[in-house]
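> Next comes the sequence, and after it the predicted model I'd like to discuss.
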Amino acid sequence: MSGPDVGPPSATVAGRRPAVFLDRDGTIIRDEHYLADPDRVTPIVGASDAIARLRAAGYAIVVVTNQSGLARELITPSQYNAVRVRIDALFGAAGAPLDATYMCPHHPSVSGPCDCRKPGLELYTRAARELGLDLPRSVLIGDRWRDIAAAPSLGARGILVPSAVTPAEDVEQSAREARVAPTLAAAASWILAP
């Protein structure tokens with residue numbers, strides 16, 4: 001298991017609150033592969049309830065997503081923004097507003113290497129600076145190993161929630177080095193356990 005084993009935040013450290021960093025596609029919404037149409041945004045069943053529980057316990061909810069479709073010109077910036085606005089609206093209407101979304105638009109084969117593409121640390125550390133987050137008390141959740149691989153470097157915990165496209169080796173590595181939960185709701189229950 002990565003990072004400290006702590007329950008829900010009872011007090012913030014130096015005014016900072018912990019966050020749950022969520023992958024987008026395959027974790028909180030159905031993975032549509034280069035989603036360009038906001039009308040195709042479909043929240044995963046139970047995601048809103050899990051997010052609402054985590055928010056109520058004091059966690060910031062931050063989406064961190066790789067969007068290589070932008071670098072590959074499979075989606076446009078305006079299409080990406082329309083999808084992001086739709087996601088924010090759907091989760092907000094369900095009582096589970098997202099605090100922020102951080103996105104990497106690059107792909108190494110197109111735009112060269114970058115520090116913001118997961119499992120890089122840049123988006124997490126930027127979010128921590130901008131939102132006043134306590135990284136060592138935070139949790140990374142996603143459906144691929146790359147979504148949670150940064151957890152040890154941040155002092156955080158990682159939880160894999162496998163989707164239909166999660167490679168078996170990602171599940172095996174997560175079982176060894178982090179934690180695997182069957183659903184986002186189960187991951188939330190583990191995070192909130194006393």
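Alright, I've got the coordinates.
> okay, CA-based contacts and neighbour counts for the rest of this
Fine.
> Pull the contacting residues for the most centrally placed residue in the chain.
By CA atoms, centre = their mean, the chain has its centre lying nearest to residue 22, at 1.5 Å. Counting by CA atoms under 8 Å, 6 or more residues apart in numbering, residue 22 makes contact with 28, 61-64, 140-142.
> Which one of those residues is nearest to residue 188?
Ranked by distance to residue 188 (CA to CA), the contacts of residue 22 are led by residue 141 at 9.8 Å.
> any idea how far the closest one is from residue 27?
To residue 27, residue 141 is 8 Å away according to CA to CA, to the nearest Å.
> and what of residue 89?
17 Å.
> which secondary element of this protein has the worst mean pLDDT?
helix 108-111 (a mean of 88; mean pLDDT, DSSP states H and E).
> that older thread, the more surrounded of residue 89 and residue 27?
Between residue 89 and residue 27, residue 27 has the larger neighbour count (other CA atoms under 10 Å), namely 24 against 14.
> residues in contact with the more buried one?
Applying CA under 8 Å, 6+ apart, the residues near residue 27 are 44, 47, 141-143, 161, 163, 184.
> Pairing partners for the strand ranked longest in the chain, with directions?
In the chain, assigned by DSSP state E, the strand with the most residues is strand 60-66. Its sheet considered, strand 60-66 pairs with strand 19-22 (parallel), strand 100-104 (parallel) by DSSP bridges.
> Pick the most buried one from those strands.
strand 19-22 (a mean of 27; mean count of other CA atoms under 10 Å).
> Determine how far it lies from the middle of the whole chain.
5 Å (CA atoms, centre = their mean, to the nearest Å).
> ditto for stretch 130-150
7 Å.
> ditto for stretch 97-117
For stretch 97-117, the distance to the chain centre is 13 Å (CA atoms, centre = their mean).
> burial measure for residue 120, as a count.
17.
> I'd guess it is in a helix, am I close?
No: the assignment for residue 120, made by DSSP: H, G, I helix; E, B strand; the rest coil, is coil rather than a helix.
> Show me the common contact partners of residue 141 and residue 27, please.
Counting by CA under 8 Å, 6+ apart, the residues touching both residue 141 and residue 27 are residue 161.
> circling back to that earlier point, of the contacts of residue 27, which belong to helices?
47, 184 (DSSP state H).
> elements contacting the strand or helix carrying residue 172?
Secondary structure from DSSP states H and E places residue 172 in helix 168-177. When contacts are defined as 3 or more CA pairs under 8 Å, 6 or more residues apart in numbering; DSSP states H and E, helix 168-177 packs onto helix 145-148, strand 157-160.
> after it comes which helix or strand?
strand 179-180.
> Adjacent strands (with direction) for that following strand?
strand 157-160 (parallel).
> so where's this protein shaky on pLDDT?
For the chain, applying pLDDT under 70 flags the ranges 1-14.
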